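Coordinates for the following, if possible.
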Amino acid sequence: MQAHPGPVVVASAIKLDESMRARLGALLGSDFVVLDVRVAPESANVVLTPRVSDLALGQFRLMFPNARIVVSEVFDLDAGLDHRGPIHDALSADVDGYVLANTLDGLGVEIAKQAGLQLSGSTGRTPLQLQSAPPEPASAPSAPATGPAPAGVGPVIWWLNGPFGVGKTTLAAALARRDRRVFDPELVGNLVRRVIPEPVRDYQSLRPWRALVAETAIQLVEHYGCDLVCPMSLLNREWAGEIFAGVSLAGIAQRHLVLHADRTELERRIREDQGESEAAPWRLDAIDRYEAARAWLDAEADVIDTTRLSPAEVADRVDSLITAAR
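Numbers count the residues shown, from 1 in each chain. Below you'll find the predicted structure:
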């Protein structure tokens, strides 16, 4: 290995406790240090991750711009690690070979090799063959960390996004009356304001808020074992992606819904909201921020146009989506 200024930093997104990280670091040697991905510096050299969504991988690229991103399927019952994936599953199914090909020509080359082994009477196995042609260069990740969850996959976190004043809190309250579990990330904002008193324009810009929102949602799902509804305006794509990526690492399915209303209707709702009339000025000012975020929201979320829907109709529609995902 070439000389490197300082230790080689491995940022692990695989959940390893302190003793496991120390063990892995000792195996790698004194030139390495293994840190949890949440505390690793942006100068990390390698990011070790289980299989995650494309958006989660894109988030790692943003967090660690110079690192090599390595996906690992690690299965060690003694260490309590079970990050098996499709390759592990295939190799455990008593197959004689597994071919990963990026082109049809490459597939042909590998199949010819397998046929030659069979015709020669060879009983040797070739568990994993990586066809050598590189894949096409990937563009910036576009697949969201949130997406339709197949029926029966387990609990789902439902992010209710949209402009301030569109009716997210009203919808969450209606869903709570239908026995849906609700978590309002603004509660975390209130906590963060108390423990980080330095003034900021938007507490969502604080990494502790984003990390705590993701972890709180994860813990609530694991505690109750049911779907979770989270109403929150998340208009900054990078900040929202960080939260979604954090949840994705826990293996919990997510759906990202955006409640939309035309500007005229949205302004009417804000002005007529007697419960939070003092918030009307900044809510009106924030409409421009929502409209600026429409491009990525429309591309990466399921948009529900509530312009001509009553609150009860919106609740019926979203409740039906949650039910259909079970």
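
At which residues are the helices of the stretch 101-250 of the chain located?
104-119, 168-177, 186-195, 207-224, 237-249 (DSSP state H, counting those that start in this stretch).

Could you pull out the buried residues of the fourth one?
By neighbour count with 16 or more other CB atoms under 10 Å, helix 207-224 contains the buried residues 209, 210, 212, 213, 214, 215, 216, 217, 218, 220, 221. Placement of C-beta: from N, CA and C, glycine included.

where do the strands sit along this structure?
8-12, 32-36, 46-49, 68-71, 75-76, 81-82, 97-100, 126-130, 156-161, 228-231, 253-260, 302-305 (DSSP state E).

Could you dump these into JSON lines and include mean neighbour count?
Listed next are the strands of the chain as JSON lines, based on neighbours: other CB atoms under 10 Å:
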{"stretch": "strand 8-12", "mean neighbour count": "21"}
{"stretch": "strand 32-36", "mean neighbour count": "18"}
{"stretch": "strand 46-49", "mean neighbour count": "20"}
{"stretch": "strand 68-71", "mean neighbour count": "13"}
{"stretch": "strand 75-76", "mean neighbour count": "11"}
{"stretch": "strand 81-82", "mean neighbour count": "14"}
{"stretch": "strand 97-100", "mean neighbour count": "15"}
{"stretch": "strand 126-130", "mean neighbour count": "13"}
{"stretch": "strand 156-161", "mean neighbour count": "25"}
{"stretch": "strand 228-231", "mean neighbour count": "24"}
{"stretch": "strand 253-260", "mean neighbour count": "22"}
{"stretch": "strand 302-305", "mean neighbour count": "16"}
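
Mean pLDDT and distance to residue 198 added to those, as a markdown table?
Below are those laid out as a markdown table (pLDDT from 0 to 100; distance: least, CB to CB, whole Å):
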| stretch | mean pLDDT | distance to residue 198 |
| --- | --- | --- |
| strand 8-12 | 91 | 27 |
| strand 32-36 | 92 | 25 |
| strand 46-49 | 90 | 30 |
| strand 68-71 | 88 | 33 |
| strand 75-76 | 81 | 43 |
| strand 81-82 | 81 | 39 |
| strand 97-100 | 72 | 49 |
| strand 126-130 | 56 | 50 |
| strand 156-161 | 96 | 27 |
| strand 228-231 | 98 | 26 |
| strand 253-260 | 95 | 30 |
| strand 302-305 | 96 | 36 |
